[in-house]
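[1] Next come a sequence and a model predicted from it.
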2 protein chains.
Amino acid sequence: MNKSVSIGYDTKAILSEFMEEVWNNGNLDVVDKFISPPYVIHHDPGDPWEGQSLDLATFKKRVLYSRQIFPDLHFTVHEIVGEGDKVAISWYLHGTQKGDMEGLPATGKRVKVSGLTIYYFSNGKITGHWQIVDRLGFVQQYSQ
Amino acid sequence: MNKSVSIGYDTKAILSEFMEEVWNNGNLDVVDKFISPPYVIHHDPGDPWEGQSLDLATFKKRVLYSRQIFPDLHFTVHEIVGEGDKVAISWYLHGTQKGDMEGLPATGKRVKVSGLTIYYFSNGKITGHWQIVDRLGFVQQYSQ
């Protein structure tokens, strides 16, 4: 049996609210309600901050970076699996590329990408993640 | 709190044994001990059987397909997060490309790729998965 350790807070509810408020609504004023710096990007191939430990300001910069490229970006959480201080989510991201990316000036193209992430919690706040994004599926949309 | 529902079997232990026996050791005689067909590939961009429901024979064919290309393939499970009938794993795959792939004849190249998978269980057996593989990271190793 998978053992459940009662940790006194609802990681899945916190993560769902974080995805909605911070990533989908771009509300940077509430970031410190959800994350506890340093926020560690353990593994996230292709992410500009891959492998780094982010302070609060840098974390906000990372959200802004994505939202400047895709101002209407929207994560749809497909499934959520939580155990103790870890929560895995599968997701789809939709967005319109209004800003420049490295090697790819703004195209106005509407893109969709899927991914999976494990988020780590400590004392009710998010402390980092391990993520795989279907980067090949993303870039292939530009050759169509 | 994340609620734990006792389901009478240890999904994480079953999945770990499945990865080792079926994928790493290539022991196809025990596949029916672990999976309950149809095995549904809900989402797995780039997989030749993406979106399909596999019977036992086709599932074995899928394992053989990968192991013929990478006879020494080895999955290292990095983390495992289980809740009820779902188990998420993050993993690294190492292998030497001894067989031909579509558009890529055998190179003898030793490659490494990372991924995340959510496995679905029913009555103690695996019934399918939702997976993201870092395909871009994989193909980029061939241009180095």
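    Perfect, I can see it now. Numbers count the residues shown, from 1 in each chain, chains lettered A, B, ... in the order given.
[2] Where do the strands of chain A begin and end?
    With DSSP state E applied, chain A shows strands at A:35-43, A:53-54, A:74-83, A:86-96, A:110-122, A:125-133, listed in chain order.
[3] For these, could you give me TSV that also reports mean pLDDT, mean neighbour count and distance to chain B?
    Using the backbone N, CA and C atoms, a C-beta is placed for each residue, glycine as well. Converted to TSV, the strands of chain A look like this (pLDDT from 0 to 100; neighbours: other CB atoms under 10 Å in any protein chain shown; distance: least, CB to the nearest CB, whole Å):
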stretch	mean pLDDT	mean neighbour count	distance to chain B
strand A:35-43	98	18	7
strand A:53-54	98	16	19
strand A:74-83	98	19	4
strand A:86-96	98	21	3
strand A:110-122	97	19	4
strand A:125-133	98	21	5
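[4] Tabulate the ones you listed (CSV), appending distance to A:Val139.
    As requested, these are exported to CSV (distance: least, CB to CB, whole Å):
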stretch, distance to A:Val139
strand A:35-43, 20
strand A:53-54, 25
strand A:74-83, 19
strand A:86-96, 14
strand A:110-122, 10
strand A:125-133, 11
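[5] mind listing what the closest residue to A:Ser66 other than its chain neighbours touches?
    The shortest distance from A:Ser66 to any non-neighbouring residue, by CB to CB, 6 or more residues apart in numbering or on different chains, is to A:Leu73 (6.2 Å). The contact partners of A:Leu73, taken as CB atoms under 8 Å, 6 or more residues apart in numbering or on different chains, are A:Trp23, A:Asn24, A:Ser66, A:Arg67, A:Leu93, A:His94, A:Gly95.
[6] for A:Leu104, same thing?
    With contacts taken as CB under 8 Å, 6+ apart, A:Leu104 has the following neighbours: A:Gln97, A:Tyr142.
[7] With the one 3 residues further on instead?
    Contact criterion CB under 8 Å, 6+ apart gives A:Gln97, A:Tyr142 as the residues in contact with A:Thr107.
[8] closest one to B:Thr11 among the strands of chain A?
    Across the strands of chain A, B:Thr11 has its closest neighbour in strand A:74-83 (10.5 Å, CB to CB).
[9] Which strands border the closest one, and is each parallel or antiparallel?
    Partner strands for strand A:74-83, per DSSP bridges, with pairing direction: strand A:86-96 (antiparallel).
[10] CA-only coordinates of the strand it pairs with, as CSV, when you get a sec.
    What follows is strand A:86-96 as a C-alpha-only set of coordinates in CSV (Å, rounded to 0.1, in the frame of the first residue of the first chain):
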residue,chain,number,x,y,z
LYS,A,86,5.7,15.8,-3.9
VAL,A,87,3.1,16.5,-6.5
ALA,A,88,3.2,15.3,-10.1
ILE,A,89,1.1,17.1,-12.8
SER,A,90,0.6,16.4,-16.4
TRP,A,91,-0.3,19.5,-18.4
TYR,A,92,-1.0,21.1,-21.7
LEU,A,93,0.1,24.7,-22.4
HIS,A,94,-1.5,26.9,-25.0
GLY,A,95,-0.2,30.3,-26.0
THR,A,96,0.3,32.8,-28.8
